[in-house]
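Asker: I would like to see how this sequence folds:
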Amino acid sequence: MPSTTPAERRQRATALPPLRDADAIAIEAFLDASWAEAGLSRQTLASYRRDLEGFARWRDGAGGGLPAADRGALFDYLAWRTRDNYSPRSNARLLSALRAFFAHALRRGARTDDPTAMLEPPKLPRALPKALAESQVDALLAAPDITTPAGLRDRAMLELMYAAGLRVSELVQLPATALNLRQGVLRVTGKGGKERLVPLGEEAQHWLQRYLDEARPQLAGKRALATLFINASGAAPTRQQFWQLVKRHAAGAGIDPGKVSPHGLRHSFATHLLNHGADLRALQMLLGHASLSTTQIYTLVAREQLKRLHEKHHPRG
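Answerer: As a prediction, the model looks like this:
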């Protein structure tokens, strides 16, 4: 079967049967329990919903629908997705959602077996984060037009993203009360509702203060708004809007927009700290990683950069 493009797969997904009521109820109960018991983020819950609904619609009630699916049905669905050119990472995410769903069914006694128990997740390549060079970060941060309220806001957002290593969702959802410029710290609520304090450098504090004094009052008008960063309509920028903002300013800075992403600023923050001698445990705390193994991938990035530096400049490189 020829491979398909993401657009073709989305078109096929819209042609699947509508979700059955029984499956919708089971998925909703699982998501409510996951939010209440594990404190999963909205992004994770939305991802679980998409994957579970996709499998349930593909099943269309066969053999009792999603709650009664057996190992064979799961295997057939994963095989179908593989033939349809879904990526290993996408299939691994689906399997994670299915494992969580059936573990929940086991805990509440709705099932006596776990059909995902013998399914092996696909092997994923260990992709290194893409970090910008320090000169590219400087150019990107200087790109917004700071003579306008929106441009000054963009400068403050980019400075904070790089200075604090934030996730995009953390940045756009920041309440104004999370910022303490007198002490130079930012209180961030990360994945699973976990809070961390991140120190801010003088440069980030300078642009945040200018944004609060000069730009935010103009954008907010007389409205009392909770989020730190706002657009002209008074709403917080969405993740997608910030993505477009980064791409636009990257192009203005002479950087290929295809090689820049909001998450790339977080990667750059981590990589540049390591390059300048930061401790791995301290970096873990700053990034809000639950496991040190997640943070250790940045040591590989730093090692690769040192290797390229050696090859370029050493006489026997």
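Asker: who touches the spatially closest residue to Arg57 that is not a sequence neighbour in this structure?
Answerer: Distance criterion Cβ to Cβ, 6 or more residues apart in numbering; nearest residue to Arg57, sequence neighbours excluded, is Leu16 at 4.1 Å. C-beta coordinates here come from the backbone N, C-alpha and C atoms, glycine included. Leu16 sits next to Gly54, Arg57, Trp58, Asp60 when contact means Cβ atoms under 8 Å, 6 or more residues apart in numbering.
Asker: What is the neighbour count of the last one?
Answerer: Spelled out, that is Asp60. Residues near Asp60, counting by other Cβ atoms under 10 Å, number 13.
Asker: Give me the local confidence score for the residue nearest to Arg57.
Answerer: In this prediction, Leu16 carries a pLDDT score of 76.
Asker: Compute the distance between it and Ser87, please.
Answerer: 19 Å (Cβ to Cβ, to the nearest Å).
Asker: again with Leu132
Answerer: Taking Cβ to Cβ, one finds Leu132 at 25 Å from Ser87.
Asker: Of these two, which one has the most company?
Answerer: Set Leu132 next to Ser87 and count neighbours by other Cβ under 10 Å: Leu132 wins out with 22 against 13.
Asker: Once you drop chain neighbours, what's closest to the more buried one?
Answerer: Using Cβ to Cβ, 6+ apart, the nearest residue to Leu132 is Ser268, at 4.7 Å.
Asker: I figured the one you found was touching Tyr162, is that so?
Answerer: Yes - judged on Cβ atoms under 8 Å, Ser268 makes contact with Tyr162 at a distance of 6.4 Å.
Asker: What are the boundaries of the helices in the stretch 151-300 of the chain?
Answerer: For the stretch 151-300 of the chain, applying DSSP state H, counting those that start in this stretch gives helices covering 168-172, 202-210, 216-220, 239-252, 262-275, 280-287, 292-313.
Asker: quick one on the thing from earlier: doesn't the residue nearest to Arg57 lie inside a helix?
Answerer: No - read with DSSP: H, G, I helix; E, B strand; the rest coil, Leu16 is coil and lies in no helix.
Asker: and for Ser268 and Tyr162, which residues touch both?
Answerer: Val137.
Asker: And for His32, the neighbour number?
Answerer: Let me fix one detail, which is that residue 32 is Asp and not His. 11.
Asker: counting contacts, what elements does the strand or helix carrying it pack onto?
Answerer: Here Asp32 sits within helix 21-38, counting by DSSP states H and E. With contacts taken as 3 or more Cβ pairs under 8 Å, 6 or more residues apart in numbering; DSSP states H and E, helix 21-38 sits against helix 42-59, helix 88-107.
Asker: quick one: contacts of that helix?
Answerer: Residues contacting helix 21-38 (Cβ under 8 Å, 6+ apart): 40, 45, 48-49, 52-53, 56, 59, 61, 65-67, 100-101, 104-105, 192.
Asker: Buried ones only from those residues, please, as a PyMOL command.
Answerer: Buried residues within those, by 16 or more other Cβ atoms under 10 Å, are selected in PyMOL with:
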select buried, resi 40+45+48+49+52+53+56+59+65+66+67+100+101+104+105
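Asker: residues near the closest residue to His272 other than its chain neighbours, how many?
Answerer: Nearest residue to His272, sequence neighbours excluded (Cβ to Cβ, 6+ apart): Glu134, at 6.0 Å. For Glu134, the neighbour count with other Cβ under 10 Å is 13.
Asker: what's near enough to touch the residue lying closest to Leu208 once chain neighbours are set aside?
Answerer: Nearest non-adjacent residue to Leu208, counting by Cβ to Cβ, 6+ apart: Ala156, 5.2 Å away. Contacts of Ala156 were listed using Cβ under 8 Å, 6+ apart, and they are Trp207, Leu208, Arg210, Tyr211, Ala215, Phe229.
Asker: and the residues you listed as JSON lines, adding pLDDT, distance to Gln240 and neighbour count?
Answerer: What follows is the contacts of Ala156, written out as JSON lines (pLDDT from 0 to 100; distance: Cβ to Cβ, whole Å; neighbours: other Cβ atoms under 10 Å):
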{"residue": "Trp207", "pLDDT": "96", "distance to Gln240": "23", "neighbour count": "22"}
{"residue": "Leu208", "pLDDT": "96", "distance to Gln240": "23", "neighbour count": "22"}
{"residue": "Arg210", "pLDDT": "97", "distance to Gln240": "26", "neighbour count": "16"}
{"residue": "Tyr211", "pLDDT": "96", "distance to Gln240": "21", "neighbour count": "24"}
{"residue": "Ala215", "pLDDT": "94", "distance to Gln240": "21", "neighbour count": "23"}
{"residue": "Phe229", "pLDDT": "94", "distance to Gln240": "14", "neighbour count": "22"}
